[in-house]
Every structure is written in C-alpha cells, then in structure tokens.
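*Asks:* Make a model of this:
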Amino acid sequence: MAIRICDLHKSFGSKVVLDGFSVEAREGETLVILGGSGSGKSVALKHVVGLLTPDSGQVEVDGEGVSELGREALYRLRRKVGYVFQFAALFDSMTLADNVAMGLRRQSNLTGEDIEERVAECLRLVDLDGYGPRSPAELSGGQRKRAGIARAIATRPQYLLYDEPTTGLDPVTRAMIDGLILRMSSELGVTGIVITHDMDSAFRVADRFAMLYDGRCRFSGTPDEIRETDDPVVRGFIEGRPELMESEK
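*Replies:* Okay, the predicted model is just below:
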C-alpha cells in the first residue's frame, strides 16, 4: 500500500518542470515534499490523481499505474485519494454541507441519510460541527481550509494529498491546520503527502521529507536526517540561507 512516483518527467512547452522525479509515500506515514515556489511540487501531486499526464515515467497508487487507467477506474482511484487544494476550491454557490457531499453523491450505494451522517461526521472531525448550512463566503480562510479537508475525507480515502495547506494563514491557524493533518493520520490512519515551503509546518507534521529541486529528488530522509544533512542546497532551503543554495549553481 503506497504511492510511488517513478522517474517522472513533465514539461510545459520548453519549460522542464519535472526531470526524473522519484519518491515514495509509504503506508501510514506523512511525507512532506519540500521545494521553492515554481519547483513543480503541485505538478507532481496532480499526477497522483490523474489531473496531469506525465511525458514519461509513472505514478503508481497501490500498484496501479494512474496514467493507464480508464475513466471508471480513475474515478475509483480518486475515491481512495483525497485532495486538499491550496485555496480549498469550494463552490460558493453551494452550502458547506453540499460541498462536502459532492464526492459521496457519486456513490450509488449511499442513501441520502447516509450522506447526511457522513457529512456531519466529517465536519465534526475538522471542528466545523454545525457549519453545514453556511456558504463558503461566510467562512474565514482557516475555516475554508478545514472545510477542504472535510470534503477530502468524506469518501474515507486511504491517502490524503495536501497542496500548500497553510499558505496565507496566520501562525495560530497554521498550527491548527497542522494539528488536523496529524489527526487525519492518527485517527483515520491515512497516508499523507504534504507539499509546502513552510518549514515550521513541515517539521510539525512530517514523518519523512523529500526535496524537489531542479526537477529531481535532491533529498529523502527523516526529520533528524534533514536537520543533519551536509547538502548545501537542502540546508540553504530549510535554514533560509540563499547564499548556500547559490554556491551550488
């Protein structure tokens, strides 16, 4: 049970974004993928759920090659993989409850009552109990992020992908979102991939790190290992010391 990104290549026109990126998210862990803005972190993540197709290489979820799946098989895979978008991506024309229920309504085995109960359960898990009738416009930025997590866990996925989950949030709200990521791991047992350049958040939630740099995996290891690394690019990034990174160019 794992997500494997294997020798992934992706370009947009003449711009090479991923140039042989490989990493594995192991069962039950939270893997944090680090990298600067524009390094390709979100691009890599979108390949996991088939939102992008690789130029070459492969992404495997539980041994299935994502780019080889037909439409129905891809829908089944997406029920196993919850995606928390960077800006929550909630529909303002729908209530919060309807946003959370979107994926559930595609499952023919669930009754209306089942869906209502699942939505209420998910909102409770992210501390938004009773917020179902509200519109996204009535929520704060942090509440919208939490609502995005509620929608992602509604289908009871095995995996959760978080795209910059703490971007634009104040320190207290960032810590709250980090706590929810840890709760999803401990209470729901999901395997998580978090992409971020927020080092405080990264060290709070990570079981293991990978760093995406120049389209490839520059580093993979535990929090202790990344703190002790001698790689100047990795040290420069995690310590906020650009002169170290410049020395390698």
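
*Asks:* Select the longest helix from the chain.
*Replies:* The residue-count maximum for a helix in the chain (DSSP state H) belongs to helix 171-188.

*Asks:* and the gap between residue 39 and residue 245?
*Replies:* Distance of residue 39 to residue 245, computed by CB to CB, to the nearest Å: 12 Å. Quick note: C-beta positions are derived from backbone N, CA and C, even for glycine.

*Asks:* who's more crowded, those two?
*Replies:* Using other CB atoms under 10 Å, the more surrounded residue of residue 39 and residue 245 is residue 39, with 23 against 16.

*Asks:* Go ahead and confirm the more buried one touches residue 212.
*Replies:* Yes. If you go by CB atoms under 8 Å, residue 39 and residue 212 touch, sitting 5.1 Å apart.

*Asks:* which of the residues in the longest helix of the chain are buried?
*Replies:* By 16 or more other CB atoms under 10 Å, the buried positions in helix 171-188 come out as 173-174, 176-178, 180-181, 184-185.

*Asks:* Show me what that helix is packed up against.
*Replies:* Applying 3 or more CB pairs under 8 Å, 6 or more residues apart in numbering; DSSP states H and E, we find helix 171-188 packed against strand 30-34, helix 112-125, helix 141-153, strand 191-196, helix 199-205.

*Asks:* can I get these in TSV with distance to residue 241, mean neighbour count and mean pLDDT?
*Replies:* What follows is those, written out as TSV (distance: least, CB to CB, whole Å; neighbours: other CB atoms under 10 Å; pLDDT from 0 to 100):
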stretch	distance to residue 241	mean neighbour count	mean pLDDT
strand 30-34	14	25	96
helix 112-125	38	16	88
helix 141-153	29	23	87
strand 191-196	18	24	93
helix 199-205	12	19	92
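
*Asks:* contacting residues around the longest helix of the chain?
*Replies:* Contacts with helix 171-188, where a contact means CB atoms under 8 Å, 6 or more residues apart in numbering, come from 28, 30, 125-127, 140-142, 145-146, 149, 153, 156, 160, 162, 165-166, 169, 190, 192, 194, 198, 200-201, 204-205.
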